[in-house]
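**Student:** any chance you can model this:
(one chain, ligands or ions: 1)
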Amino acid sequence: MSKETASGAKSDEKMEFDLKPGENEQYKPVKAEITCVRCGKKSELTLRACVNVSLHPEEKEKILDGSFFQYTCPDCKETMSVTYPLLYDDMGKALMIYLLPDQTEEALKALNAQQKTWSADMLKAAKVCTMRAVRNLHELSEKIKIADAGLDDRFVELSKAFVFAQFIKQTPGFEAVLVLFEQQNGKNGLTIFGKDGRRLWAEFPEGLYEEVVSMFSDRLPKKESTEYELIDAGWSMKVLADLPQPAGAENG
Ligand SMILES: [Zn+2]
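**Tutor:** Next comes the predicted model:
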């Protein structure tokens, strides 16, 4: 018996698929050599190619606080952050995020080209999943937080563009180096990091996100593509530049 739940547009529909990766999708760990930045000691390191937070929810916290990527030198005990291509897989949220820290655009092309070798199950999963590529740990955490907030990252990126433009107008002289979606006290907003070390918060105006959704949902239909995509500030600038007329322009 299927039962429709009447509440809310953002109900968490459970994705029903059985993901059994084929041989090419086994995400085997790889060995790498690391040189300590402090003492120069070389050691071998096992890098995991995939983290499945549905099976290992405790690892999600480690990803979010960065400890997942911390490496401690066995000799001098120096701790350093080691980032490398990693698939963050949250089947419960139908979310797959590929961290591609080096030459992201090229790596993304190569990654999407590999789809030819994917199994039918994997392609089926890719069709229903939100498939994203990110450049760094900040972007990875941000995508996770957006999904946790129950929001669509495309509309969040567009909302960010509006909120950030407003913020800059109201905060002249502030040089932002990083702008990340974050909830504070249950409110959606942006944490904005300044060049001067300041960290400011800009809340999404009431109803903004919903307005962005209604403004853009026709233009940005749910994709049929199974490719990983970079949905970032550059992406939202392109979407905004492609608008045929000023958004929200009303005559009479
Ligand atoms: Zn060392």
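
**Student:** which other helices and strands does the host helix or strand of Met215 contact?
**Tutor:** Using DSSP states H and E, Met215 falls within helix 208-216. When contacts are defined as 3 or more Cβ pairs under 8 Å, 6 or more residues apart in numbering; DSSP states H and E, helix 208-216 packs onto helix 153-170. Every C-beta, even on glycine, is put in place using the N, C-alpha and C of the backbone.

**Student:** let me see the mean pLDDT of the helix holding Met215.
**Tutor:** Mean per-residue pLDDT for helix 208-216: 96.

**Student:** what lies in contact with it?
**Tutor:** Helix 208-216 is contacted by residues 151-152, 154-156, 158-159, 162-163, 188, 239, 247-248 when judged by Cβ atoms under 8 Å, 6 or more residues apart in numbering.

**Student:** can you report how many residues lie near Ile192?
**Tutor:** When neighbours are counted by other Cβ atoms under 10 Å, Ile192 registers 23.

**Student:** that one in helix, strand or coil?
**Tutor:** Here Ile192 is strand, with the state taken from DSSP: H, G, I helix; E, B strand; the rest coil.

**Student:** for it, list each beta-bridge partner.
**Tutor:** When bridges are called by DSSP bridges, Ile192 pairs up with Val179, Leu200.

**Student:** pLDDT value on it, please?
**Tutor:** So Ile192 comes in at 97 (pLDDT).

**Student:** repeat for Ala247
**Tutor:** So, for Ala247, pLDDT stands at 53.

**Student:** so which residues on the chain come close to the ion?
**Tutor:** Within the chain, the residues that sit near the ion (Cβ under 5 Å from the ion) are 36, 38-39, 41, 73, 75-76, 78.

**Student:** would you say Tyr88 is within a strand?
**Tutor:** Yes - using three-state DSSP, the assignment for Tyr88 is a strand.

**Student:** for it, list the residues it contacts.
**Tutor:** Taking Cβ under 8 Å, 6+ apart, one finds 51, 53, 63, 95-99, 140, 144 in contact with Tyr88.

**Student:** His138 now?
**Tutor:** Counted by Cβ under 8 Å, 6+ apart, His138 has contacts 178, 180.

**Student:** could you measure from it over to Arg38?
**Tutor:** Distance of His138 to Arg38, given as Cβ to Cβ, to the nearest Å: 24 Å.

**Student:** same thing with Glu105?
**Tutor:** Taken as Cβ to Cβ, the span from Glu105 to Arg38 is 32 Å.

**Student:** what of Phe69?
**Tutor:** 17 Å.

**Student:** I figured Arg154 hits Asp232, correct?
**Tutor:** No - contact criterion Cβ atoms under 8 Å: Arg154 and Asp232 do not qualify, at 10.4 Å.

**Student:** have a look at these two and say which one is more surrounded.
**Tutor:** Under the criterion of other Cβ under 10 Å, the comparison of Arg154 against Asp232 puts Arg154 first, with 22 against 19.

**Student:** can you pull the contacts of that one?
**Tutor:** Arg154 sits in contact with 216, 220, 231, 235-236, where contact means Cβ under 8 Å, 6+ apart.

**Student:** cutoff 7 Å now
**Tutor:** 220, 231 (Cβ atoms under 7 Å, 6 or more residues apart in numbering).

**Student:** any of the contacts of Tyr88 buried? List them.
**Tutor:** 51, 53, 63, 95-99, 140, 144 (16 or more other Cβ atoms under 10 Å).
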